[in-house]
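In: Got a predicted model here, sequence first, then my questions.
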Amino acid sequence: LLRDKYLREDDMSKRLSLPGKMLRKIMEYLRDEGLVRVEEVDDLASGGSQRTKFWYIDYNYAVKSIRLRVHLVVSRLEREERAARGHSVYTCPGHAIRVCNGRYTEEEAQRITCPRTGMFLCVECYGNHVNNPDPPPLSRYTLTLVDNSAELRDAVANMTKVKDQLTKKTVGETQLRDSIFDLLRHLRRATEPLSSNLPSENRANGVGSSRLEGTGR
């Protein structure tokens, strides 16, 4: 589609040697991701139908979709990393065996403390046993700080992996790919709007590819 501006569905199937059903599934996925679009055009004069589907790239729409997707992914990973670095979680022993829902933030965990040890107690279990004449030992519902070092490692690794995938890749002095961040910044500074690349407009201007032999209807 970068080379041919737009293509009929049956043309693409022929060029890519893919069954029509498989090709349609791939193109619908790319459409849902905002990378390609489809326009129905009257193609009777070229041997098609009144509602022939033409697949194409709307560059303006595609760039906005990519920019939004990159923003959402990076923002989510940044939030996860910040949360892992600055968020302490306390759990009750009963939470692991589903006796209670005792999982608390640091602020929530400070609601009830043991007057003897100063340790935080599970609010739910404390409420269940405060009037119990034969309560379980405090150790059964004393909160413990969760080790989130593994969570932090995963968050940092995920951010590093995504940034590595989206930044410029070079081997020695050879550049294998551009940075998506750099490309998006360059497009943001562009003075001319990106083309919508509508097949109907391109066909009216005589722009586009010819049908492959044997792919007409």
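Out: Now that the structure is in, tell me what you want to look at.
In: got the contact list for stretch 75-89?
Out: The contact list for stretch 75-89 (CB atoms under 8 Å, 6 or more residues apart in numbering) reads 103-106, 145-146, 148, 151-152, 154-156, 158-159, 162. No exception for glycine: its C-beta is placed from N, CA and C like everyone else's.
In: Most neighbours among the residues you listed, which one is it?
Out: Ranked by the number of neighbours (other CB atoms under 10 Å), the contacts of stretch 75-89 place residue 104 first, at 22 neighbours.
In: pretty sure that residue belongs to a helix, no?
Out: No. Read with DSSP: H, G, I helix; E, B strand; the rest coil, residue 104 is strand and lies in no helix.
In: ok, back up a step: right, and out of the contacts of stretch 75-89, which lies closest to residue 126?
Out: Distance to residue 126 across the contacts of stretch 75-89 (CB to CB) is lowest for residue 104, with 12.0 Å.
In: report the longest helix in the protein, please.
Out: helix 59-86 (DSSP state H).
In: for the residue of the chain positioned farthest from its centre, helix, strand, or coil?
Out: Within the chain, the residue lying farthest from the chain centre (CA atoms, centre = their mean) is residue 133, at 53.3 Å. Of the three states, residue 133 takes coil under three-state DSSP.
In: returning to what we had before: hmm, which of the contacts of stretch 75-89 is lowest in pLDDT?
Out: Lowest pLDDT within the contacts of stretch 75-89 is found at residue 148 (79).
In: need the contact list for that residue.
Out: Residue 148 touches 84, 87-89, counting by CB under 8 Å, 6+ apart.
In: hmm, 6 Å instead?
Out: For residue 148, the residues meeting the contact criterion (CB atoms under 6 Å, 6 or more residues apart in numbering) are residue 84.
In: Could you report the distance from the residue nearest the centre of the chain to residue 159?
Out: Centre of the chain computed as the mean C-alpha position; nearest residue by CA atoms, centre = their mean is residue 73, 5.3 Å away. Residue 73 is 10 Å from residue 159, where distance means CB to CB, to the nearest Å.
In: With residue 115 instead?
Out: With distances taken as CB to CB, residue 115 is found 43 Å from residue 159.
In: likewise residue 65?
Out: From residue 65 across to residue 159, the span is 22 Å (CB to CB).
In: One more: residue 141?
Out: Distance from residue 141 to residue 159, by CB to CB: 36 Å.
In: Surely residue 38 forms part of a strand?
Out: Yes. The assignment for residue 38 is a strand, going by three-state DSSP.
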